[in-house]
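Trainee: Give the three-dimensional model of this entry:
(one chain, ligands or ions: 1)
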Amino acid sequence: MPIEDLEKAFQNKIDNEIKIEPRDWMPEAYRKTNTRQISQHAHSEVVGMLPESNWISRAPSLKRKAILIAKVQDEGGHGLYLYAAAETLGTGREQMIDDLNSGKAKYSSIFNYPTLTWADMGAVGWLVDGAAILNQVMLCRTSYGPYARAMVRICKEESFHQRQGFESLLVLSKGTDEQKAMCQDAINRWWWPSLMMFGPKDSESTNSDQSMKWKIKRKTNDELRQNFVDMIAEQIKLLGMKLPDPDLKWNEEKKHYDYGEINWEEFWSVVKGNGPCNRQRLDARNKAHNEGAWVREAAIAYAEKKKNKQTAA
Ligand code: FAQ
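Mentor: I've put the predicted structure just below:
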């Protein structure tokens, strides 16, 4: 079949909400951008374990420690489903991990900020998981089947993460003056970086137009960001805290909250590797990878031994 006909049939499937599966014909650019997005997403989950694991040994109670361990473990699991989904497009996991460890591949800018106090665990759960969910609920309907199916389970776990983050901040917000101040300080530091998670504004988003046509994305970066602002501006009232934005205001005409300008210079600087913790995160990933080499070697040796036994029998 000529390429134009294949492309037409492909777009037709997408327009009719038929999922694209690994063995289906797809344009190379569709394969490439899905591999890019899914692997970046997987890397974000894996690097995202680092800021939170920083607090496992210092969680204020056994209950909080157990919750945090479970959450960090969930993020590791999300990374694994996502690497598996990305592999169905033809790129091996080793290649993707090498690209992360060498600094070639991107991961979410948010995980290059430090977690300075216990309240940051609440703010990460409430704001970072909150932003992640809004984006990921949309991705449950993405056009590539393996990605959409991975997202369904991930979303169930992320929504629990967000609630535990909010509940943890709620406790601090009703605590001593020091605890209240710690809660407000964490919100102040995480608010703007959370807004940056949705990516550049639509006018500067290089991938959005094509990704919307292919229904990889169903909402633009700015649409999702606005949904997030509207949700958080209401939820913060329950905490009795403030968002650090003097321009945040309900707009009756638009039926949305207006909000201030994001510092895009900071965003691009973090994306390009110059955020407060970029170096530290990559060093930690490389260290874990190098120190885990013997586990991979042992797993390969065991699989070989099992195979040899089976052929001998
Ligand atoms: N950070 O053209 P667009 C989580 C890059 S998971 C770094 O608009 P696109 C769970 C972008 O890659 C959080 N880079 O790109 C958790 C592109 O560069 P490229 C991660 C960014 O793909 C919670 C360039 O800028 N979620 O949090 C960022 O259409 C708590 C131009 O941008 C996902 O990955 C950024 N924030 O839209 C874990 C969701 N934004 O690749 C632990 C899936 C943009 O052309 C604790 N991903 N860039 O060189 C997506 O939905 C999309 O990829 C967007 C970006 C919306 C992130």
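Trainee: ok and the residue in this structure nearest the ligand?
Mentor: Nearest residue of the chain to the ligand: G48, at 2.6 Å (Cβ to the nearest ligand atom). Every residue, glycine included, has its C-beta placed from N, CA and C.
Trainee: quick one: contacts for that residue?
Mentor: E75, Y107, S108, I110, F111, V128 (Cβ atoms under 8 Å, 6 or more residues apart in numbering).
Trainee: Not counting its neighbours along the chain, what's nearest P146?
Mentor: Spatial nearest neighbour of P146, chain neighbours left out: A85 (4.1 Å); criterion: Cβ to Cβ, 6 or more residues apart in numbering.
Trainee: Just checking the distance from stretch 101-116 to the centre of its chain.
Mentor: Per Cα atoms, centre = their mean, to the nearest Å, the displacement of stretch 101-116 from the mean C-alpha position of its chain is 11 Å.
Trainee: wait, does it contact the ligand?
Mentor: Yes. Stretch 101-116 lies within reach of the ligand by Cβ under 6 Å from any ligand atom, at K106, S108, S109.
Trainee: In terms of pLDDT, where does the second one sit?
Mentor: So that's S108. With respect to pLDDT, S108 has a value of 98.
Trainee: Now do the same contact list for it.
Mentor: Taking Cβ under 8 Å, 6+ apart, we find S108 in contact with Q40, S44, V47, G48, M197.
Trainee: And the first one, by the same measure?
Mentor: The contact partners of K106, by Cβ under 8 Å, 6+ apart, come to Q40, H43, V271.
Trainee: Can you classify it by secondary structure?
Mentor: Put simply, K106 is coil when judged by DSSP: H, G, I helix; E, B strand; the rest coil.
Trainee: From S208, how far off is L127?
Mentor: L127 sits 23 Å away from S208, going by Cβ to Cβ, to the nearest Å.
Trainee: Counting neighbours, go ahead and name the busier of those two.
Mentor: L127 (28 against 20; other Cβ atoms under 10 Å).
Trainee: Which residue comes closest to that one once chain neighbours are left out?
Mentor: In space, L127 is closest to S194, 4.2 Å off (Cβ to Cβ, 6+ apart).
Trainee: Kindly reformat the contacts of S108 as CSV containing secondary structure and distance to D120.
Mentor: CSV is the format used below for the contacts of S108 (DSSP: H, G, I helix; E, B strand; the rest coil; distance: Cβ to Cβ, whole Å):
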residue, secondary structure, distance to D120
Q40, helix, 23
S44, helix, 17
V47, helix, 16
G48, coil, 13
M197, coil, 16
